[in-house]
Structures are given as structure tokens and as C-alpha cells.
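**Student:** Build me a model from this:
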Amino acid sequence: MAPRAPAAVGSSSPVTPTPTLAERSTVALCNGAAFLTSVLVPAAIPDRGSEWGDRPMAVRGPVATVVPMSQEVLSAARVRVLFVCVPAAGHVTPMLPLARAFARSACEVAVASGPDVAAAVAAAGLAFRRISSPMAEWFTTLAARTPGPPGAGISPDHVERYFIPRLFGEVGLTAMRNDLDALVAEWAPDVVVFEPHALAAPLVAALHGVPAVQHGIGLRWSPLVLELAGDAVRPAWSAAGLPAPRSAGLDEGTTLAVFPPALDPAPADVGVQPLRTTPPLSAGTRLPVELPDRDRPLLYVTLGTSFNEPAVFSTILDALADLPATVLVTLGRGRSAEELGAIPGNAVVTGFLPQETVLPHCTAVVHHGGAGTALGVLAAGLPSVVLPRGADNFAIADRMAAAGVASVVGPEALTTASVGGAVRAVLDRPDLRAGARRVAHEISGMPGPDDVVALLLDSLPIRKAVR
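**Tutor:** Down below sits the predicted model:
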């Protein structure tokens, strides 16, 4: 049975069609830390509604009589949720808030990927299942297919067009497919939640008849990239005896969109549920680093973990050296301040800091346009200067500029003068600050992980057999 996409929170869409008796033989409804599971036994009175706690459940047909389960059956009937991502930190991190929310709802949760993300999954208190080789081996496989280094000579704004179909649609799907198939057959998850680069997940879910939910980790891919990805995965779907999916299998069920509609409007034919993944920010959060002058405006500079070249940091520091502001630079893991040379007197350079501890204290942010960084900055209501470096940075930078929340300096124009001028313009433009506050308000209205978990458990055709 094809999964039914749930109506978005706050939407006026009609109630999801009532599940059959078999589909609701075990119903998991989660309310805070409580977890209630019961067998529904049909009674003879038709066409009446049923409520469980304060959460309505549509029942058209037989009325449900609640029969408590034994503790043994209760344990066996817990909903199992399998998260699938490619082996890269930037792909698992955005999924962890929802995974933890499922775990808080007493569901069984596992994260399937390669060894690169095992430590992050364990730190989140979740079970890890290995289904892939490390990401470095994917690149080695891709390199063996090309006469030169993969992506060499490709302009930065074309990186997604090159790597998504080749690295993720061909190499990655093959690397994950067999072990993921075996895991789903063995563990029997009730729902597969996957990020879009894990293109083996919708295929395996379709083979096993398991509802699949796409968890966005950035902007929706462009129509061209979706088409290229679809071409790349089509042979695998065909070999499995399945019809070619639209959009590489990404749009078969519900999509959880992490960017607000102001930056990432959804196509009319895609079932989208907004999801806020950024944690609430507090002005009382202590800044975990000492600053030379806390009375001056604070400019935060970060280039993430993949594009944090020392030469770019040095250009930014030189550009901001004369500003009447304090500049806080976080280098990310694997870099040191010694690589940057002389540090201006108005700057502090440090290693990785959680951005939620920095953003409440900032006036503006200079960043690369990575999805996680951009979402945090947007949720904080801060204007940006975006210096896109690769991957999806260019699309995010363009959307932020179009939304009136950022100024953009591309790699071909990156100089001390251009960066300094862009930062001064951002500080002097009230319209950018107003735009940033408007988008932050939109993000604050998006449902958080716990709300989305409740919606998914209510709306997806989760079928649990009592073992």
C-alpha cells in the first residue's frame, strides 16, 4: 500500500484517510514522555469518532475499544524508525533532532550509515548500524572511473550537477544498497527516514513496502539536478523490477522541509511538512570565549568544516581589521590560528564553537552558506554576508539574497575590498536586518521535532504486527 502523505501542521488539508483495522491494529501515540500502545478491537457502532488523551484520531466505521497490552507485547510492538544518511557529519547532524524526538516518544530508533558518523550517532544516544564503507572510499571508486580527479575543472556552482548523480546516485547507492536491504529485512522498520543524498533508501523502502519520509538537510535540489539524479538511479530501480520513480525516488512520500518557505517554496505536487531543526536561542547564553571589547558590535565569521581555507580567513580578517567591531572567527576542526598569520587587534580566533552559543550575541555573520550555518543564522534573525565556496552554498546564497537577508560575494570577486564593503553595507542597511527578523519569525512558527513526530505517527500507514 502506498504511503499517505500527512497534511502539514496548520494546513487546511482534509483529514488523512482512516487506516484499515489491520493498519491500526497497533497504534502508537506519543505525548511527552508517555507512550501508549493498545490493540483496537472493533465494536458494532459505525461512524463515530474516537479520542485518545487530548489527541483526536479519526475512526470512520467500527468504534475502537481499547484493550491494554501486556508489558511483553508492549515492548514488542514499539514503532521502529530507521534513519538513513550518507557517511558525512553534515548529513547526519540535521537529522539528529528528529531522531532524538522519536526516541523520546519511546520508539525504537537506529541510524544507518558509514563509520564516519558513528561517533556523532553514539553521542546523541542513538543506535548505529553500519551499512556503508567510509565516504573516502566512495571518492576512490569515483576517481577510478574518471581520467582525472573527480570534479576537476568544474565551476563551483556546478558541483551539485556533477557529484550528486555520480557520487551519490551511482557510487553511493551501490555502496549502501545491499547492506541496507539486509538491515531492513532483518530489523523490519515501520518507517524509513532518509536524507536526499542517501538514494538507496527510497529504493530499498519501496522493495520492502515500508513508508519512506525524506528529511531535507538543505534546499530542495534544482529540477536539473533532480533529473540527473533520476537518470543515475533508474537502472537500479529497473533491475529491482520497480518502475522508474519521479525525482530519483525523493518525492514518493512526505518531505520534511527544514528551510522556511520564504527561501524554499515547495512545488504544488510534493507533500511537504515543515520541520524546525534549529534549537531555541537564548540571549542569556554565555559566550564561551573572552572578547577584547564586549561593548562593540560582534561580527561572527565561520566557513564550516569543508571550505575553511586559511587564505580566505586571512582575506576576511584583513577586510574587517579597521571596523569599529569585534570579530570572532571560528576555524572549525582541523585548523589552527597559526595558519592565518598576524591576527588584527579587533579579532579573536578560536576553534569550533556551537553556533547556538555565539549567535545570540552577534550583530551580523560572515559565512559560506552551508545549510546548517545558514539555518542557524536565519533562525537568529541576523543579516549575513555570504561567501559561497561549493556544494549547495551558491543556491543558498542566491536564495538568501533574494529574500532580502544577505549580501553575497562570489569566489571570483573575493578581495579585501569586496568583503569589507559588503560587511559595511550589511551593517548600514536596516532593510536587511528587518528581512532577517521576518524570516526568523517564519522559522519560529515551523513545528519542531516533537510536533512532527506526533504528526507522522498519527498520519503514516504504520502497520505493526503483534509479535
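
**Student:** For the rest of this, base every contact and every neighbour count on C-alpha atoms.
**Tutor:** Fine.

**Student:** From residue 421, how far out is the nearest residue to residue 218 once chain neighbours are set aside?
**Tutor:** Counting by CA to CA, 6 or more residues apart in numbering, residue 218 lies nearest to residue 371, which is 5.1 Å off, once chain neighbours are set aside. Distance check for residue 371 against residue 421: by CA to CA, to the nearest Å, it reads 24 Å.

**Student:** So if I had to pick from those two, which one is more boxed in?
**Tutor:** Neighbour count, other CA atoms under 10 Å: between residue 371 and residue 421, residue 371 has more, with 21 against 14.

**Student:** Might you report the residue contacts of that one?
**Tutor:** Residue 371 makes contacts with 217, 218, 219, 392, 393, 396, as judged by CA atoms under 8 Å, 6 or more residues apart in numbering.

**Student:** how close does it get to residue 90?
**Tutor:** For residue 371, the distance to residue 90 under the criterion CA to CA works out to 9 Å.

**Student:** just residue 389 next, same as before
**Tutor:** Per CA to CA, residue 389 is found 15 Å from residue 90.

**Student:** And for residue 384?
**Tutor:** According to CA to CA, residue 384 stands 21 Å off from residue 90.

**Student:** higher neighbour count, these two?
**Tutor:** Just comparing residue 384 and residue 90: by other CA under 10 Å the higher neighbour count belongs to residue 384, 34 against 18.

**Student:** So what sits opposite that one in the bridge?
**Tutor:** Residue 384 forms beta bridges with residue 365, residue 406, as assigned by DSSP bridges.

**Student:** Use 16 as the first number from now on
**Tutor:** From this message on, residue numbering opens at 16, which makes the last subject residue 399.

**Student:** check contacts around it.
**Tutor:** So, once contact is read as CA under 8 Å, 6+ apart, residue 399 ends up touching 379, 380, 381, 382, 392, 420, 421, 422, 441.

**Student:** List just the nearest of these to residue 357.
**Tutor:** Taking CA to CA as the measure, residue 381 is the one of those closest to residue 357, at 19.6 Å.

**Student:** With adjacent residues omitted, what lies nearest to the residue nearest to the spatial centre of the chain?
**Tutor:** Taking CA atoms, centre = their mean as the criterion, residue 232 is the residue nearest the geometric centre of the chain, at 2.6 Å. Closest residue to residue 232 in three dimensions, ignoring its sequence neighbours and counting by CA to CA, 6+ apart: residue 109, at 5.9 Å.

**Student:** before we move on, what about residue 196?
**Tutor:** residue 219 (5.8 Å).

**Student:** next one: the helix or strand harbouring the one you found to chain centre, how far?
**Tutor:** Taking DSSP states H and E as the criterion, residue 219 maps to helix 215-223. Using CA atoms, centre = their mean, to the nearest Å, we find the averaged C-alpha position of helix 215-223 to lie 20 Å away from the chain's own average C-alpha position.

**Student:** and what of stretch 358-365?
**Tutor:** Going by CA atoms, centre = their mean, where stretch 358-365 is centred and where its chain is centred differ by 32 Å.

**Student:** Which parts of the stretch 316-465 of the chain are strands?
**Tutor:** Using DSSP state E, counting those that start in this stretch, the strands found in the stretch 316-465 of the chain span residues 341-345, 362-365, 379-382, 399-401, 421-423.

**Student:** my bad, should have said the stretch 116-265 of the chain
**Tutor:** Remark: strands assigned in the stretch 116-265 of the chain by DSSP E, counting those that start in this stretch are 123-128, 142-145, 206-209, 227-230.

**Student:** where in the stretch 116-265 of the chain is pLDDT low?
**Tutor:** Low-confidence segments of the stretch 116-265 of the chain, defined by pLDDT under 70, are absent.

**Student:** Could you do the stretch 366-482 of the chain as well?
**Tutor:** Applying pLDDT under 70 to the stretch 366-482 of the chain flags residues 477-482.

**Student:** can you map out the helices along it?
**Tutor:** 370-373, 386-394, 408-417, 431-443, 445-459, 464-474 (DSSP state H, counting those that start in this stretch).

**Student:** tell me which residues in the third one are buried?
**Tutor:** Across helix 408-417, burial judged by 16 or more other CA atoms under 10 Å covers 408, 409, 410, 411, 412, 413, 414, 415, 416.

**Student:** same deal with the fourth one?
**Tutor:** Neighbour-count burial for helix 431-443, with 16+ other CA under 10 Å as criterion, is recorded at 431, 433, 434, 435, 437, 438, 441, 442.

**Student:** One more: the longest one?
**Tutor:** By neighbour count with 16+ other CA under 10 Å, helix 445-459 contains the buried residues 447-459.
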